[in-house]
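In: Can you look at this prediction? I've put the sequence above it.
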Amino acid sequence: MAMACIRRRAEEFEVDRDQVALVGFSAGGHLAGCLGTLFDSPEVRDIAPAEVLKPNALGLCYPVTVSRGKTHLGSFRSLTAGEEKLADRLSLDKLVRGDMPPVFLWQTRDDQTVPVRGSLLLSAALEEAGVDFAMHVYRRGRHGLATADLESYHEGNVPEMSKDIRKWQDKMMDFFEEIGFRITDQEAGAR
């Protein structure tokens, strides 16, 4: 519904309706991935046409991706009320399709909440399907780093993380630009 609203009110929001990227973190990364793959599914057909719901790009930040094995099972239990069949259906690595939007994906290797394994499996599925993507795995950093800058943390409580992780936003914007997004001077200045 949010995607339909953004496109419907693009002029008011001063955005290009053909350049809408959906960025999600952790369980929100799973939600973004679902919209990027299920935009024409029966569950959303009554909201808007597929071309309105399909994002033009995805930014998946330490996303919950897979429903089995070493993963964040709590997210899938909450999402599916423990229904294993539904959890299997919503495992992003199984939903990947060739006509989904390009994906920027990042994760830390030592994330103890959402294991990097899920992002690796997702990237393998993206590669297999021929989806345009970029993946960055940073050596150190706990789950929930958000923008990975001082503004994301309480004073004096900055977690240990890879030095270059703070550049993930620039890397994502570069990726979006490479796939055809027009980055405005204002957006470039925000980097």
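Out: Everything's here; your move. Numbering: from 1, shown residues only.
In: For the residue most central in space within the chain, give its distance to residue 23.
Out: Compute the mean C-alpha point of the chain, and by CA atoms, centre = their mean the closest residue is residue 60, 2.0 Å away. Separation of residue 60 from residue 23 (CB to CB, to the nearest Å): 8 Å. C-beta: built from backbone N, CA, C; applies to glycine.
In: what do these two both touch?
Out: Residues touching both residue 60 and residue 23 by CB atoms under 8 Å, 6 or more residues apart in numbering: residue 32.
In: beta partners for the residue nearest to the centre of the chain?
Out: Beta-bridge pairing of residue 60 under DSSP bridges involves residue 24, residue 105.
In: from here on, count from 55
Out: From this message on, residue numbering opens at 55, which makes the last subject residue 114.
In: wait, it sits on residue 86?
Out: Yes: assessed by CB atoms under 8 Å, residue 114 is found in contact with residue 86 at 6.1 Å.
In: Return every residue with contacts to both of these two.
Out: Common neighbours of residue 114 and residue 86 (CB under 8 Å, 6+ apart) are 77, 78.
In: Remind me which helix or strand the closest residue in space to residue 184 that isn't next to it in sequence belongs to.
Out: Counting by CB to CB, 6 or more residues apart in numbering, residue 184 lies nearest to residue 152, which is 5.2 Å off, once chain neighbours are set aside. Using DSSP states H and E, residue 152 is not contained in any helix or strand.
In: and residue 152, how many neighbours?
Out: Look at residue 152: counted by other CB atoms under 10 Å, it has 9 neighbours.
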